[in-house]
Structure formats: structure tokens, C-alpha cells
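Undergrad: For reference, the sequence and a predicted model appear below.
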Amino acid sequence: MYKQEGIKPYGQDTEKGEQVERMFDNIAPTYDTLNHRLSWNIDKGWRRKAIKQLAPYCPKNILDIATGTGDFAIMLAEMLHPEKVTGADISTGMMEIGRQKVERCGLAGTVSFAREDCMHLSFGDNTFDAVTAAFGIRNFQNLDLGLKEMYRVLRPGGHLSIVELTTPIGFPMKQLFRIYSHTILPVYGRIISKDTNAYSYLTATIEAFPQGERMVEILKNAGFGKAEFKRLTFGICTMYFATK
């Protein structure tokens, strides 16, 4: 068991997956505003970099895991022009906002959404050319099982592209990020979202989540033959790329 798997938004009374679903349903109306403001819109650049990793392979059928409000799924459709992008998430509240955004972007013919438990995906083996995940795998109740499911539904030769929030490792960014993540982030998140737990949970899971070389090792243990990582913006975010 990884440390972040034991961290839950609302205490220990129910399973993590159930609590994460409730948390994201609660913060769905303010999620996009907070996400972009708290990262100074840098998160959009991180997503673009993750998508560019896939561009040389021209994937036609893409699964976006923990899609949330669909930002990554929409960007995948706009940048890679695939035949189909499926956004999968446990939170119907988040995906409903995603559907509205997809309609406004005129991408309803390309991007669709499906409520899925990422530990037990309903899709068949070897279904997708690429699988993506942005800032979501920290919330998995069982990281190993979730990654194995992503591997299972990916076709042989297909690629996995992940961006995840991480803790910087170098001075002074490590110290500055710790101050920011323990003061401004949870307080501002609490004020805007009205959820007193969500953004404290965010900080705790970022600090607990395995990163860098350790995460590459975990990806290889899930079955991926090749995996690599690159730290972005002084290590606030880490980008992973793996091949089945």
C-alpha cells in the first residue's frame, strides 16, 4: 500500500473511492476556476506538453482517465484530431460540466464521457491507442490496480501519458512550494469551493505520492516495457511516458 492510498478527504469511516467521488461532486462547480488560478494557468502548459508526447504516434482512439471536467480530453481532441476520445471518471458532477464544455467547443462528435471505476474499467483488452491522465492517479484507491487496468485496455505498442502534481526536490523551490501548499492553496480552496477538506487533501496526497524514479519503477511493475519521466516547472509537476 502506498502512503497516499490511506489519505482520505473526509476521515476513515468509508472507502477512499467513495469519498473521492463525493469530494469531486462537491467541488465540481468551482473546480476549473480554482485549478487554473491556483496554478497561475501553468496547468494548461503542462497538459500541452503531455499531449505533445503522443503527437508522433497519431493515436485515433484515446482514453482519458480521471477526466474530471474534460479539459485534457478537449485538448487531446483539438491538438491530435483523433477519431474518438473517451473521458472516464467516477464523478458524474465533474463530467456533467465537461459535457457542457464539449458542446460549447463543438466536439460532441469526438469526445464522450463514461462513469467508470478506474480500478475496474468496463472496456475490453487492447482497446485504446493511447491512455492519458492529468492530476488524477493520486486519487486512486489502489494505484497498482489502476495502472494495471490502464495497461490492460491499451493496445500493444500503445502509449500512456501522465502529468501529476509532485513536490519539488531542490532548494529553494521545495521550501517555497511547501509554504504555498500549506497556506495559500488550502485556504483559498476552502473559501472558493466551500469544501473545508478538499484542498488540504490535495496537499497531503501530493506530498505522499511516489514520484520520479520510484513512479517509473511502479509503471514498469504494472507491465509497461518502457517508462520515463520529466520534471516540469522546478518539479511542481512531473510528466510520465510509458509504452506497452
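TA: On my side now, so go ahead.
Undergrad: For the residue nearest to Phe140 when sequence neighbours are not counted, give me its contacts.
TA: Closest residue to Phe140 apart from its sequence neighbours, by Cβ to Cβ, 6 or more residues apart in numbering: Gly146 at 4.0 Å. C-beta: built from backbone N, CA, C; applies to glycine. Gly146 makes contacts with Ile65, Cys118, Met119, Ile137, Phe140, as judged by Cβ atoms under 8 Å, 6 or more residues apart in numbering.
Undergrad: Phi first, then psi, for Phe123.
TA: Dihedral pair for Phe123: phi -80, psi 150, per degrees, to the nearest 10.
Undergrad: As a markdown table, the contacts of Gly146 with distance to Arg47 and neighbour count would be great.
TA: A markdown table is the format used below for the contacts of Gly146 (distance: Cβ to Cβ, whole Å; neighbours: other Cβ atoms under 10 Å):
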| residue | distance to Arg47 | neighbour count |
| --- | --- | --- |
| Ile65 | 14 | 26 |
| Cys118 | 19 | 23 |
| Met119 | 24 | 16 |
| Ile137 | 15 | 21 |
| Phe140 | 19 | 24 |
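Undergrad: Now name the helix or strand holding the residue nearest to Phe140.
TA: Per DSSP states H and E, Gly146 falls inside helix 143-153.
Undergrad: After the lowest-mean-pLDDT helix or strand in the chain, heading C-terminal, what element do we hit next?
TA: One helix or strand of the chain scores below all others by mean pLDDT, DSSP states H and E: helix 184-193, with a mean of 86. The helix or strand immediately downstream of helix 184-193 is helix 198-208, counting by DSSP H and E.
Undergrad: and that next one, which residues are buried?
TA: By neighbour count with 16 or more other Cβ atoms under 10 Å, helix 198-208 contains the buried residues Ala198, Tyr199, Ser200, Tyr201, Leu202, Thr203, Ala204, Thr205, Ile206, Glu207.
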